[in-house]
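Can you look at this prediction? I've put the sequence above it.
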Amino acid sequence: MLQLQSAALRSYSQLALIIVAAGAIYPLLYLRQNFELSILEAFNISQTQLRYCSSMLGLIFIITYIPSGWLADRFSSRKLLAYSLLATGLLGLWFSTMPSYASLLIIYGAWGLATGLTFWAAQIKLVTMLARRDQQGRFFGILEGGRGLIEALLATIAIALFAYVLSQESGTKTLALKQVIYLYAGVLLIMAPLTYWLLDDAEAEPEQTKSRVKDSFRNDIMVVLKHREIWLCAICIACGYQLFYATYSFSAYLQQNFGLTAVMVGTITVAKLWMRPIGGIAAGFIGDWIGPEKVLSTLLALASLALAMMAVLPANAATLFMLTVVLLIGLLTYAVRGLYWATLGACNVPNNIKGLAIGIISMIGYFPEVYLPLLSASLIEQYPDGLGYQIYYLTLSIFGLLGAYAAYLLARPKI
């Protein structure tokens, strides 16, 4: 009994460390979620240029997902995660200097390498191997919810810091934004050595590494691609991620079309972040109880309907009503994110190629990150006065329903 309790304590303590690392590394890359218009002003760039930076980030992710899985199968996850945190933090210090647009493209590209190539598959594989088969839902739910809790805490501090600097007599948006960037970069630079020293990746060390090097990489890919469940899992992630990605544009949408101030919009979007621990953790435990695929199908359908509600908000909608809709979308999309990786446990992929499977699923599932920034920018410029946002949200809602059907198929036993 004591041995079981000790093993459980070790697993959850390791999960906690991964959560803090994962929760700290991504907010800097997606700073526009809460400060989009302030970034445009401080860096003197257009919305389209910022979207190109985001698209660059997505493209790098797509290119590196499979190599990321290969690395996770063969190298120490502890070292991969520590390196990622260090590199992302140092790039954040460069970002804080408000460099030129050309430099921004380099920074976003390097961020893509630091968080996609060396971080992504390593953290997913670590969590997959820490959890038993009947714990996949709760572990990934806790990962998603815990990441959200860390992000919400950091974002709350960032918004408070931003508002405080602006309230000073000499405060400007550029100065306030710079302090926010320092905050996020500083946390990363602290977490890098802590992860290196404290994370124990012994259980996640590559199996039979020497023999694996001799195996055919092409054969490994074919083994993964022959799994029907892998494809359905990837479709669920692609459709669910599009619903979530739509929330990145809420800040500009609410500020431009509903007349809200930057601080008010930031407060609303930060409130949405607090839905992540609730949605992610609750969905994980419910998924283990009922079945991750069944719960995921229902959540994708509900999230699609909620996003469609955002598209039809009247221009004179009360702030409280807008807040309610945003929080509902946040709760549902974070619940989806908390569950879609739990379906990996049902794919029956051997541990020695699990990283590769994660890389292939990620490449397909997160491919929307390449084209969504360009699609949204095109629609917003071509259809002003909020119509572009409405078309964007309704389109992604349809994809969400497609994902719900894929999750339904995934829940059905193979014939």
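Cool, the structure landed. Numbering: from 1, shown residues only.

and Lys354, what does it touch?
Counting by C-beta atoms under 8 Å, 6 or more residues apart in numbering, Lys354 touches 73, 125, 128-129, 344. In this view, the C-beta of every residue, glycine as well, is placed from N, C-alpha and C.

Tell me the one among the residues you listed nearest to Ala185.
Distance to Ala185, by C-beta to C-beta, is smallest for Lys125 among the contacts of Lys354, at 26.6 Å.

Just the residues contacting the regular element (helix or strand) spanning the closest one, thanks.
Using DSSP states H and E, Lys125 sits within helix 121-130. Contacts of helix 121-130 from elsewhere in the structure, counted by C-beta under 8 Å, 6+ apart, are 11, 14-15, 18, 21-22, 65, 68-69, 71-73, 77, 80-81, 136, 139-140, 143, 201, 203-204, 341, 344-345, 351, 354-355, 358-359, 362.

Then stretch 282-294?
For stretch 282-294, contacts defined as C-beta under 8 Å, 6+ apart pick out 134-142, 144-145, 295-296, 299, 334-336, 338-339, 342-343, 345-346, 407-408, 410-411.

For it, buried residues please.
Residues of stretch 282-294 classed as buried by neighbour count (16 or more other C-beta atoms under 10 Å): 282-288, 291-294.

Tell me where the model's unsure across this structure.
1-7, 201-216, 346, 413-415 (pLDDT under 70).

Longest helix of it, counting residues only.
The helix that spans the most residues within the chain, counting by DSSP state H, is helix 136-167.

And the very next helix or strand once past that helix, what does it pack against?
Next helix or strand after helix 136-167 toward the C-terminus (DSSP H and E): helix 173-198. Contact here means 3 or more C-beta pairs under 8 Å, 6 or more residues apart in numbering; DSSP states H and E; on that basis helix 173-198 packs against helix 2-25, helix 32-43, helix 77-95, helix 136-167.

of all the ones you listed, which lies closest to Tyr389?
helix 32-43 (12.8 Å).

any idea where the helices of the stretch 251-400 of the chain begin and end?
Assigned by DSSP state H, counting those that start in this stretch, the helices in the stretch 251-400 of the chain fall at 262-273, 275-290, 292-311, 319-340, 354-365, 368-382, 387-411.

TSV for the ones you listed, including distance to Leu117?
Shown next, in TSV, are the helices of the stretch 251-400 of the chain (distance: least, C-beta to C-beta, whole Å):
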stretch	distance to Leu117
helix 262-273	26
helix 275-290	25
helix 292-311	28
helix 319-340	21
helix 354-365	10
helix 368-382	15
helix 387-411	26
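
Please indicate which of those has the most neighbours on average?
Neighbour counts (mean count of other C-beta atoms under 10 Å) averaged over each of the helices of the stretch 251-400 of the chain peak at helix 354-365, with a mean of 25.

picking up where we left off before, between helix 262-273 and the longest helix of the chain, find me the angle.
Angle, helix 136-167 to helix 262-273, by axes from the mean of the first three to the mean of the last three C-alpha atoms, to 10 degrees: 170 degrees.

Determine the set of other helices and strands touching helix 136-167.
Looks like helix 136-167 contacts helix 2-25, helix 32-43, helix 121-130, helix 173-198, helix 262-273, helix 275-290, helix 319-340 (3+ C-beta pairs under 8 Å, 6+ apart).

I'd like the buried residues of stretch 282-294 as TSV, with distance to Arg228 appended.
Output for the buried residues of stretch 282-294, formatted as TSV (distance: C-beta to C-beta, whole Å):
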residue	distance to Arg228
Ala282	29
Ala283	24
Gly284	24
Phe285	27
Ile286	25
Gly287	20
Asp288	23
Gly291	17
Pro292	16
Glu293	13
Lys294	17
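
In those residues, find the pair that's most separated.
Spatially, the most separated pair among those is Ala282 and Glu293, at 16.8 Å (C-beta to C-beta).

Not counting sequence-adjacent ones, nearest residue to Ala317?
Closest residue to Ala317 apart from its sequence neighbours, by C-beta to C-beta, 6 or more residues apart in numbering: Phe258 at 7.1 Å.

Count the neighbours of the one you found for me.
By other C-beta atoms under 10 Å, the residues close to Phe258 number 17.

repeat for Ser13
Neighbour tally, Ser13, other C-beta under 10 Å: 12.
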